[in-house]
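# predicted model and sequence follow; I will ask about them next.
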Amino acid sequence: MKKTLLYTGLVTAMLTGCTTTTDSQIRDTRLRSDQIYTRSTASTEDVEAEIQFGRELSARILARYKLSDDQRLQKYLNIVGKTLGKNSGRPELTYYFAAIESDDINAYAAPGGYVFVTTGAIAQMNDEAELAGVLAHEIAHITEKHIVKAIGIKGSDSSAISGFSKLLGASNDPTRIAFSQAIDKALDYLFENGLQAEDEYQSDATGTLIATQTGYDPDALRRYLSRIKSQRKQLDVVNKTHPPFNKRLFELNQLLTIEGLTPEPDLRFNERFKTTMNKVRG
Amino acid sequence: MHSKNKLFALALCALSAAPVMADDEHYVNFLLGGRAMGMGGAYTAISDDPAGMFYNPAGIVYAHSPNLSASVNAFRFSNKTFENVLTGGNDWSRENSALVPNFFGVTQPFGNFTVGFSYAVTDTSEEDQAQTFSNLSSNIERFTINVNETNTVNKLGPSIAYQASDNFSIGMTFYLHMRDTKTIVNQYVKLNESLDTSSTGQHTEWTNSYYKNSEYGITPKIGVIWSPTDKLALAATYSQNFVFASTGYSQTTCLASHKTTSSSCDTSKVYATQTAGETSNTHSEDPFELRFGTAYFASSQLLLSADMTFHSEVTGKRSVVNVAGGAEYYIDPEWAVRAGGFTNFSNAPTPTTSYASEQIDFFGGSLSVTRFSKNSSISAGTNIQYGTGTSSSVAAGRITDVSALDMTFFLSTAYSY
């Protein structure tokens, strides 16, 4: 009887109590060098597939939203964004940034380096650091390949929706259908159901680190999220595709604490931002 | 005539014992799985590829890729020498070399579950002997012996594993078990003609015996892995083989130029005899197996593991504890080397002059190198084990020293997509 109780207790402890080590920690530790290397590198075919897929997805985004015709704003976004892109860790990509006309507060990233931010989101920004924070969050979605992984975009194997790099020249219908379905799925991630909450937290964290490394206020993205959280009318729009603000802010605060990052008012560049915005709005 | 019979009996005593089941006395005759083979079989707490379905099905929840297949083929060479079996210090030597399949498996995750299917050749051994001895003594002019023994164990079946919590998983494999054994012995004895004082030409004897057996059953395995920290994994696996049916056939044919009553050939009344018959449910009892393993994931370059395996005592077989240790080191992301050591102790009772048995304890080592490319890897390596012991199975009434060398060269591929 005592033995039975002991065994029962041991199994129960294993199943419930002894969970100080997380599954992701265990899986990460089990990864061998070749697996880490494979995950960190992409073949030329994979990158080409990612870019072509992103280009097609961008066209679909622009079919939904009008591209802002303000060239000053577009130029400004690209100066800030491309500077951030240099610290993204994916030198094989060329980043493109565009403002799209919408009162909604949102931003979108398509694989391959394409980033869109709504004019409504820009209107809520107080300084260049906040703009950098939002753009860096979208860049992080690209560097972490969230859509690429969610859909399974590859250029060099035979799975159903891969081989996109060869797609444009392909004439077979099944491949085109698979491609079209993959695009629809990506649009669903962007506009309807969103990516996984973990992906958003990771992009907040990675984006903050990219912006900080580029020389912006580490607290910028957190400030921006705090501000738009208070705008109740926008909550439905953002919450539809993102996890709750409170949770995102909690995760960001934890990151800032762990990394020892503090607000840097001198790195907000609000004068430069306002000057540019005045010209835009003027 | 009576003295002639004694000489035949002396020469033939080597085969008077019952046919030896080709290595039923060891449990680590053939390591499985490319990565595990390189690490000396110390794989119970790793088990994160299809080979895990054999070592510990709980481990397949940690397979790093949604789909993964692995296959192994091996070239096996073995040599066994029985010392001073015949008068005059003549040794018996049995050899074998064969290219054999080893393992194939696939896994596929579904949420917290991972399922898989594998085919494993858990044992494959063959012993060949073809020797002729001349002038063994002043009485025996020629003695020829040919022996062929084979033993193959195939297992195939599904596996399922469940990740019960962040650091605990449980899994089960349900193998169908098939075992085939066969022994063929041919021997020819010719006495020195000078002994044939009656000039009747009665001085030869030929014996052929054939024995085969097939058994069918199931081998369920259940395993668990617990990771108290991210770097350390502790694991255990329990399995047992249940044989439901077996069929066999044996046949002995003797042809002698005289009437004899040697123990292997009763031609006391006629010069030629043949006996044959079918058998059923003649399989030996199988023990349960309990594996304990630990693995330390020191870094992404270095992995250390150790296993201890216990097989219980059953009728005719002693309990056995074997140990294994292994290491994996990545020189760079494209190349890894693995090495290990293991024991393969005999379950046979101690041979005595009145009890036919063969007891050889092996010590083995393994080494392999793997080249990785994007979605695949190829490994080449070797397992070598050497053992010494004693046997009373080949020379009835006498105990002889035995030494054995077993070398396996393997090539394995793994592919994930």
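Looks like it came in fine. Only a predicted model underlies this, so the values are computations on that prediction, with no experimental measurement involved.

# which positions in the stretch 51-200 of chain B make contact with chain A?
Listed as neighbours of chain A in the stretch 51-200 of chain B under the rule Cβ under 8 Å from any Cβ of the partner chain: B:62, B:64, B:163-168. Where C-beta positions appear, they are placed from N, C-alpha and C, glycine not excepted.

# secondary structure and neighbour count added to those residues, as a markdown table?
Output for these, formatted as a markdown table (DSSP: H, G, I helix; E, B strand; the rest coil; neighbours: other Cβ atoms under 10 Å in any protein chain shown):
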| residue | secondary structure | neighbour count |
| --- | --- | --- |
| B:Y62 | helix | 24 |
| B:H64 | coil | 17 |
| B:Q163 | strand | 21 |
| B:A164 | strand | 18 |
| B:S165 | strand | 17 |
| B:D166 | coil | 18 |
| B:N167 | coil | 24 |
| B:F168 | strand | 23 |
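
# quick check: B:N213 touching B:V243?
No: here B:N213 does not reach B:V243: they are 10.7 Å apart, not a contact under Cβ atoms under 8 Å.

# name the nearest residue to the residue of chain B found nearest chain A, ignoring sequence neighbours.
Nearest residue of chain B to chain A (Cβ to the nearest Cβ) works out as B:P333 at 3.4 Å. Nearest-residue entry for B:P333: A:Y37, 3.4 Å, with adjacent residues in sequence omitted and distances by Cβ to Cβ, 6 or more residues apart in numbering or on different chains.

# for the one you found, what are phi and psi?
Main-chain torsions, A:Y37, degrees, to the nearest 10: phi -60, psi -40.

# and it, what does it touch?
By Cβ atoms under 8 Å, 6 or more residues apart in numbering or on different chains, A:Y37 lies in contact with B:333-334, B:372.

# what residues are shared contacts of B:N213 and B:V243?
Counting by Cβ under 8 Å, 6+ apart, the residues touching both B:N213 and B:V243 are B:179, B:283.

# tell me which of those two has more neighbours.
Higher neighbour count among B:N213 and B:V243: B:N213, with 22 against 18, using other Cβ atoms under 10 Å in any protein chain shown.

# assumed that one was part of a strand.
Yes: counting by DSSP: H, G, I helix; E, B strand; the rest coil, B:N213 falls inside a strand.

# let me see the contact set for the closest residue in space to it that isn't next to it in sequence.
What sits nearest to B:N213 in space, not counting adjacent residues and going by Cβ to Cβ, 6+ apart, is B:G248, at 3.8 Å. Applying Cβ under 8 Å, 6+ apart to B:G248 gives the contacts B:211-214, B:278-280, B:282.

# same check, this time on B:Q163
Per Cβ under 8 Å, 6+ apart, neighbours of B:Q163: A:23, B:61, B:112-114, B:169.

# give me the sheet partners of the strand or helix carrying B:L234 and which way each runs.
Applying DSSP states H and E as the criterion places B:L234 in strand B:232-240. Paired strands of strand B:232-240, with direction, are strand B:204-229 (antiparallel), strand B:288-296 (antiparallel) (DSSP bridges).

# the ones you listed: which one's closest to A:A136?
Taking Cβ to Cβ, strand B:204-229 is the member of those nearest to A:A136, at 33.7 Å.

# give me the buried positions along the closest one.
Buried residues in strand B:204-229, counted by 16 or more other Cβ atoms under 10 Å in any protein chain shown: B:204-213, B:215, B:217, B:219, B:221-227.

# next: stretch A:117-126.
Here stretch A:117-126 shows A:117-122, A:125-126 as buried, counting by 16+ other Cβ under 10 Å.

# so which of the residues you listed belong to strands?
Residues of the buried residues of stretch A:117-126 located in strands (DSSP state E): A:117-118.

# got the phi and psi for A:L77?
phi -60, psi -40.

# who's in contact with it?
Counting by Cβ under 8 Å, 6+ apart, A:L77 touches A:97-99, A:117, A:131, A:135.

# return the distance of it relative to A:F269.
Note on A:L77: its distance to A:F269, by Cβ to Cβ, to the nearest Å, is 14 Å.

# same deal with B:Q129?
88 Å.

# columns mean pLDDT on top of the strands paired with strand B:232-240, output as JSON lines?
Listed next are those as JSON lines, based on pLDDT from 0 to 100:
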{"stretch": "strand B:204-229", "mean pLDDT": "93"}
{"stretch": "strand B:288-296", "mean pLDDT": "97"}
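
# let's have those in a markdown table, adding distance to A:I142.
Formatted as a markdown table, these follow (distance: least, Cβ to Cβ, whole Å):
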| stretch | distance to A:I142 |
| --- | --- |
| strand B:204-229 | 33 |
| strand B:288-296 | 36 |
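
# for those strands, which one sits closest to A:K229?
With Cβ to Cβ, the closest approach to A:K229 among the strands paired with strand B:232-240 belongs to strand B:204-229: 37.6 Å.

# chain center to the closest one: distance?
9 Å (Cα atoms, centre = their mean, to the nearest Å).
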